[in-house]
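# when you get a sec, could you give me coordinates for this:
(4 chains)
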Number of protein chains: 4
Amino acid sequence: MSRLLDANAMGVYPIAATPFTEDGEIDWGSVEQMIEFYLRCKVHGLTLLGLMGEAQKLSDSEAAELTRVALRLVAGRVPVIVGVSSPGTANLVALSHIAINAGACGVMIAPLNVLKTEVQVATYFADVIKALGPDVPVCYQDYPQSSQSDISAAGFVKLIDPHDSIVMFKHEDCPGLKKLTAVRKACDGKQHRRVAIFVGNGGLYVPQELHRGADGIRTGFAYPDVLVEIFELFGAGQADAAEDLYDAYLPVLRHEQQPGFGLPVRKEILRRRGAIKCAAVRQPGGRLDADDLAELDRLMRRLEARTHRPAIPQPRRTA
Amino acid sequence: MSRLLDANAMGVYPIAATPFTEDGEIDWGSVEQMIEFYLRCKVHGLTLLGLMGEAQKLSDSEAAELTRVALRLVAGRVPVIVGVSSPGTANLVALSHIAINAGACGVMIAPLNVLKTEVQVATYFADVIKALGPDVPVCYQDYPQSSQSDISAAGFVKLIDPHDSIVMFKHEDCPGLKKLTAVRKACDGKQHRRVAIFVGNGGLYVPQELHRGADGIRTGFAYPDVLVEIFELFGAGQADAAEDLYDAYLPVLRHEQQPGFGLPVRKEILRRRGAIKCAAVRQPGGRLDADDLAELDRLMRRLEARTHRPAIPQPRRTA
Amino acid sequence: MSRLLDANAMGVYPIAATPFTEDGEIDWGSVEQMIEFYLRCKVHGLTLLGLMGEAQKLSDSEAAELTRVALRLVAGRVPVIVGVSSPGTANLVALSHIAINAGACGVMIAPLNVLKTEVQVATYFADVIKALGPDVPVCYQDYPQSSQSDISAAGFVKLIDPHDSIVMFKHEDCPGLKKLTAVRKACDGKQHRRVAIFVGNGGLYVPQELHRGADGIRTGFAYPDVLVEIFELFGAGQADAAEDLYDAYLPVLRHEQQPGFGLPVRKEILRRRGAIKCAAVRQPGGRLDADDLAELDRLMRRLEARTHRPAIPQPRRTA
Amino acid sequence: MSRLLDANAMGVYPIAATPFTEDGEIDWGSVEQMIEFYLRCKVHGLTLLGLMGEAQKLSDSEAAELTRVALRLVAGRVPVIVGVSSPGTANLVALSHIAINAGACGVMIAPLNVLKTEVQVATYFADVIKALGPDVPVCYQDYPQSSQSDISAAGFVKLIDPHDSIVMFKHEDCPGLKKLTAVRKACDGKQHRRVAIFVGNGGLYVPQELHRGADGIRTGFAYPDVLVEIFELFGAGQADAAEDLYDAYLPVLRHEQQPGFGLPVRKEILRRRGAIKCAAVRQPGGRLDADDLAELDRLMRRLEARTHRPAIPQPRRTA
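Predicted coordinates:
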């Protein structure tokens, strides 16, 4: 079993797509190809069963099988976090144990939409963590645009004090830059223990978030290799070069992050890049029409012109 | 297999609870007892896997097993509808087929919370019904307080024209009385074909809804025998006697219908009435504290005093 | 100027309607008649410019004028609270000062729908109270179904510690009975100073709320005289008689509290009772059609039969 | 009086800020300076009292006065649209008449958050337009992220058929590109009459929207001169040059469009550019701290480096 997630995690942990065939079955044949794509992108970790992975549309057995297959294919080469949010705690716990037993390093949990105050959120996480046991590392996903449940920086900080297993904060509230800074400053290892902060939100604010102290990036952007390059340039002290590269991809990234519409765009780019065989989104889900595809073609032509890199082929390796 | 649901359905089809043990396992031993309780209440039908049944907290295999077990126990004595709403169409279809094959008369489907216009709702139901096949009778659940998806009377009426399998409208929008009337008038068998209209919303407006033409009642109220009696008095032309009986139970009914809080109250009453062995709600879910139980005791004492009927024992038979 | 609101407030402070003519102008001629109606009902106080008063549809000058006129007519006979919630703090403060200068005893403020955490709510109230000055008594309106902003009992209690001017909690969260108890127990004068707790929510849980320690009732129910009678019976130790009376009016009360639909129902009952001349709701707002009126007639006939009191004429005096 | 808005409107109509002093008063002295700034930017029109203008925090008399002052200063040099959305129709109509009488070319109206179906939206607009009279040109603002009211392309198209005064569609749903295309195709002057389509959403998809047939841009981006340049390059057939320029400003534009946070950023840039004297946002509203200002400084330095244009001084004139 790979080592477990802790507060020192850093880097790019993309949210993996789930490949489907045109008729909506999981395309098991693409799973290996996709995993290898991500690993060739030199990602630092992977995330399974996020929204980008259409987790909420899988059956329990599909979710379990995908988790097991993907972890067997990754074979410990990078740490893997599994999204396990569920309206029922028993289901959440069952999937968590499947994931950890298959080699996942931790689980990601969002608060439920019925949790309207921080007291309710705290009670929920206390119950969940009691049911999970203290040894399953947890990433708190703060994405109120989707979860419809909010927490303040102070509320999150209060939450981690009694629960050592919460080792990561997935930041994707918007506007959220001030909250990121507040969590970073409070979890300084003195006032409160450190947690790793990973950012999402489609990657729309990555440079600002890295400047404010984010440790990693977890989003479904179809160029994870570029995110890796940005992250490493930034870490090497070349913040402007990192941001130049980010800005070059920003037009496509911004296009991809449109909630609801972005998923078929991402899967189409992943398909063009050879990561998956078919871009289909499972029902209910969007589909790109001729206008959408022409728009994407144009964005990718412009990307090539600006970056002097091919937009479509295999992931480019950092030097 | 029992006959399928059609637009002539009428009566009381309570939403069955799902009995759990104190540690959150399905209490399979209580399932038969509960089914027999409902049948002794002389209900006209049953509904499985509603919100009241904590469907969203069951695993796929639990939902399938509960459906099969309950239908085997009912053994065709009354028609049974199964709630199959799900974020993924494939899961919805799979459970629907399990239900129909086990003897259910139809399925209940709510629109998803991402469907923000009637065009989106119509597209979703067209896709779902195409995937279900034309032979699975469908009840459209209009409960925007929970589904976060709205439809007008005109939008619903437009939806049924191309889809013969939608035979029932579960009315629980609030305020919704005008909408009920509008659907009733439009689906008169001339302008548009008839659909059965069943009402929910915790039963808070049952007499008004029966006057406005509702055909049936589908809610989790813990006195389904009383709803049956009300329904039959009303049908026998004794509207005032029906409403007198309703009004006598209204203080308890109103207490039960509080969203979130009402479920443990209902399960506690069902327990006291001998329908289930344990009132536990699966996590995450509320629990009654000493104040809540004293409050309920008081409401039930008052109910006995007013109705001259025992509040707690076995369901009372209509004369 | 009448004395200011403090934590000892108790009783029934109905939310006054705003009378309009058929063409949507304020019916100034009805204002006196309506004020006298409420006072004949022996209410303990009044509330102006609530949702029931269609405050959000008045112009600034109408709101100011209505406040001044109503307070002049009340002439200190009962304390008057004025709803001043507004998206802009400057407008909130301006109306508050108008109200206090005209003789109001305090103001009622709900958090804004953009305030998604208790930290944000606390910051907002700190800013508002700083702008208001320390001498304006404030009632915190906790009505998340309308405000879309939530607070826990613990969050409210934390809010009052630094702000002595918050002297009242308007409880109308649902489900909210446990929260009411939690606030009541925490604000016991020892752990935290006492606040008055008034309940709203259309009055749907009044007996339970009185048992749990509510000090008063603030809702738009069209029989404020009956609420006064219930409140006083309860205070006199006759809890069952109080609840019997409440239960007799519950069918109408429940009908009235339907959000959106209930306002024209209430104004129609107030019109029939002689409180206002015209039941019109200002645009945008609902209107009762023939079905709605027949339904209301029936409810009122039944009310008379059950209570042996006239449903329509002048307010009945407590013995 | 300037000519009225019609379906041929095109170009950039920025949403004007409302300048405040540090203590929250309208900075009347800055209004002229700001109007002249926008006109030097060669904008094709202006929009007053949008969300960017903090309209919801103004008093009625401030809104009226600001409208009159701004229109007097513009003096017919460009058409001016005024946002008049309000929970009360009477207030909406009163402000509309003030605006039109002062020389505005039309009004912008969003549906209210209580309107949950297209039937309700249609009824509301019918009532509003009846009250406004047929001669006030109306722009329908489709911004469900803020209004919480949704409409489909088909629903909008159905809305304009009976209401000739609706001449413009303000598109800012997200994801919304498919809807924009659907409205564009349906309102082709044959199936349905043409309407002008202006786009908002902070400008985050402007090039895609222009390709899909948008006629104009209405957003609060602090470089309206650049939007003008982009619009005119695009109109001159230089789509790639237009998009190159857009992409260069995209990092700042994306930073500005963060809901809630973006407004103080925009006002700070406008201040630095000399458009207003003080960047203060009226309460309740955000404030930039040292981290936020350093972040903005960095974004503006990078903007200068990339565009070889000064980020801060007076608006650059198109060649």
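# could you check how many residues crowd around residue A:251?
By the criterion of other C-beta atoms under 10 Å in any protein chain shown, residue A:251 has 20 neighbours. Every C-beta, even on glycine, is put in place using the N, C-alpha and C of the backbone.
# can you tell me the closest non-neighbouring residue to it?
residue D:247 (5.4 Å; C-beta to C-beta, 6 or more residues apart in numbering or on different chains).
# what sits up against the helix or strand where residue A:299 lies?
Taking DSSP states H and E as the definition, residue A:299 sits inside helix A:290-307. The contact list for helix A:290-307 (C-beta atoms under 8 Å, 6 or more residues apart in numbering or on different chains) reads A:248-249, A:251-252, A:255, A:264-265, A:268-269, A:272, A:288, A:309-312, D:177-178, D:181, D:208, D:211-212, D:240, D:243, D:247.
# how about stretch A:68-81?
Residues contacting stretch A:68-81 (C-beta under 8 Å, 6+ apart): A:2-3, A:5, A:9, A:13, A:16, A:28, A:31-32, A:35-36, A:39, A:43-48, A:98-99, A:102-108, A:139, A:218.
# repeat the analysis, applying 6 Å as the threshold.
Residues from elsewhere that reach stretch A:68-81, judged by C-beta atoms under 6 Å, 6 or more residues apart in numbering or on different chains: A:2, A:31-32, A:35, A:45-48, A:102-106, A:108.
# dump those to CSV, plus secondary structure and neighbour count.
CSV is the format used below for the contacts of stretch A:68-81 (DSSP: H, G, I helix; E, B strand; the rest coil; neighbours: other C-beta atoms under 10 Å in any protein chain shown):
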residue, secondary structure, neighbour count
A:2, coil, 15
A:31, helix, 21
A:32, helix, 13
A:35, helix, 24
A:45, coil, 23
A:46, strand, 26
A:47, strand, 27
A:48, strand, 25
A:102, helix, 18
A:103, coil, 18
A:104, coil, 31
A:105, coil, 26
A:106, strand, 27
A:108, strand, 25
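# residue B:233: which of the residues you listed is nearest?
When those are compared for distance to residue B:233 (C-beta to C-beta), residue A:108 comes out closest, at 53.9 Å.
# quick check, residue A:233 in a helix?
Yes - assessed by DSSP: H, G, I helix; E, B strand; the rest coil, residue A:233 belongs to a helix.
# for it, give its distance to residue A:240.
Applying C-beta to C-beta, to the nearest Å, the value for residue A:233 to residue A:240 is 9 Å.
# neighbour count for these two, which is higher?
For residue A:233 and residue A:240, the more surrounded residue by other C-beta under 10 Å is residue A:233, and the numbers stand at 20 against 15.
# contacts only, for that one.
Contacts of residue A:233 (C-beta under 6 Å, 6+ apart): A:241, A:242.
# near chain B, which residues of the stretch 101-250 of chain A? Just list them.
Counting by C-beta under 6 Å from any C-beta of the partner chain, the stretch 101-250 of chain A comes close to chain B at A:124, A:127.
# dump the contacts of stretch A:68-81 to a markdown table, plus distance to residue B:198 and pLDDT.
Shown next, in a markdown table, are those (distance: C-beta to C-beta, whole Å; pLDDT from 0 to 100):
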| residue | distance to residue B:198 | pLDDT |
| --- | --- | --- |
| A:2 | 52 | 47 |
| A:31 | 44 | 97 |
| A:32 | 49 | 97 |
| A:35 | 48 | 98 |
| A:45 | 50 | 98 |
| A:46 | 47 | 98 |
| A:47 | 43 | 98 |
| A:48 | 41 | 98 |
| A:102 | 44 | 98 |
| A:103 | 48 | 97 |
| A:104 | 44 | 98 |
| A:105 | 48 | 98 |
| A:106 | 45 | 98 |
| A:108 | 39 | 98 |
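# closest to residue C:85 among the residues you listed?
residue A:108 (37.7 Å).
# now do the same contact list for that closest one.
By C-beta under 6 Å, 6+ apart, the neighbours of residue A:108 are A:81, A:83, A:139, A:141.
# ok, 10 Å please
By C-beta atoms under 10 Å, 6 or more residues apart in numbering or on different chains, residue A:108 lies in contact with A:5, A:13, A:15, A:47-50, A:81-85, A:137-141, A:168, A:170, A:198, A:218.
# ok, back up a step: name the helices or strands packed onto the helix or strand harbouring the residue nearest to residue A:251?
Residue D:247 belongs to helix D:239-256 when assigned by DSSP H and E. The contact analysis (3 or more C-beta pairs under 10 Å, 6 or more residues apart in numbering or on different chains; DSSP states H and E) places helix D:239-256 against helix A:206-211, helix A:239-256, helix A:290-307, helix D:206-211, helix D:224-235, helix D:262-272, helix D:290-307.
# nearest spatial neighbour of residue A:161, skipping sequence neighbours?
Residue A:161's closest residue in space is residue A:192 (C-beta to C-beta, 6+ apart), at 6.5 Å.
# go on, residue A:260?
Leaving aside its sequence neighbours, residue A:260 sits nearest to residue D:175 (C-beta to C-beta, 6+ apart; 4.9 Å).
# same deal with residue A:186?
That would be residue A:157: by C-beta to C-beta, 6+ apart, it lies 4.6 Å from residue A:186.
# and the helix or strand that neighbour falls within, which residues are buried?
Assigned by DSSP H and E, residue A:157 belongs to helix A:153-160. Buried residues in helix A:153-160, counted by 16 or more other C-beta atoms under 10 Å in any protein chain shown: A:153, A:154, A:155, A:156, A:157, A:158, A:159, A:160.
# next one: stretch A:24-31
Result for stretch A:24-31 [16+ other C-beta under 10 Å]: buried residues A:24, A:26, A:27, A:30, A:31.
# show me the contacts for the residue lying closest to residue A:85 once chain neighbours are set aside.
Leaving aside its sequence neighbours, residue A:85 sits nearest to residue A:110 (C-beta to C-beta, 6+ apart; 4.6 Å). Contact partners of residue A:110, counting by C-beta under 10 Å, 6+ apart, are A:50-51, A:83-86, A:139-144, A:146-149, A:170, A:172.
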